[in-house]
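Q: got a structure for you, letters missing:
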């Protein structure tokens, strides 16, 4: 993953759920909301963070043999913004995990406020090694998997 939007994975249960953290860096302060000048992580990058975390779950569940490609989403709602220096805790829960696709829901929380919620996100399954080097992703996972950090918000 060249554009990395998941800084830490703190918990996962293969085929069921995953929790991770995206920390909005101070270098991202130039990213402005479309509606005002407040420095914040744009909605498109919040969505990308969700999708990357969901993809980590697919890769971990398949022992780095498969990955997901987003096909559709039912609804994504943005309720608050997340700014530089803030941690966004993301949770992805699988509704259905089949050989041909994964259907999941997710939410992101920062400062005890819901930042975003997504429902009905569908990813089709494909071979991981057609897009990425699985060994490189295993090394990256060893760097970002930190289950000792559970209660960050």
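A: Right, received. Where do you want to start? Bear in mind the structure is a predicted one, so any value in this text is a computation, not a measurement.
Q: show me which positions of the longest strand belonging to the chain end up buried.
A: If you go by DSSP state E, the chain has its longest strand at strand 113-127. For strand 113-127, the buried set under the neighbour-count rule, 16 or more other C-beta atoms under 10 Å, comprises 115-118, 121-123, 125. Bear in mind the C-beta positions are built from the backbone N, C-alpha and C, glycine included.
Q: of all the residues in stretch 10-22, which ones are buried?
A: 10, 12, 17-22.
Q: ugh, typo on my part, it should be stretch 67-80
A: 67-68, 73, 76, 78.
Q: what's opposite residue 102 in the beta bridge?
A: Beta-bridge partners for residue 102, by DSSP bridges, are residue 97, residue 123.
Q: okay, it: pLDDT?
A: At residue 102, the model reports a pLDDT of 98.
Q: for residue 52, see how far away it is.
A: Taking C-beta to C-beta, to the nearest Å as the measure, residue 102 falls 14 Å from residue 52.
Q: roughly how far does residue 3 sit from residue 51?
A: 11 Å.
Q: for these two, indicate the residue with more neighbours.
A: Set residue 3 next to residue 51 and count neighbours by other C-beta atoms under 10 Å: residue 51 wins out with 22 against 7.
Q: which element, helix or strand, includes that one?
A: helix 43-61 (DSSP states H and E).
Q: heading C-terminal from that helix, find the next helix or strand.
A: Using DSSP H and E, the first helix or strand after helix 43-61 is strand 66-72.
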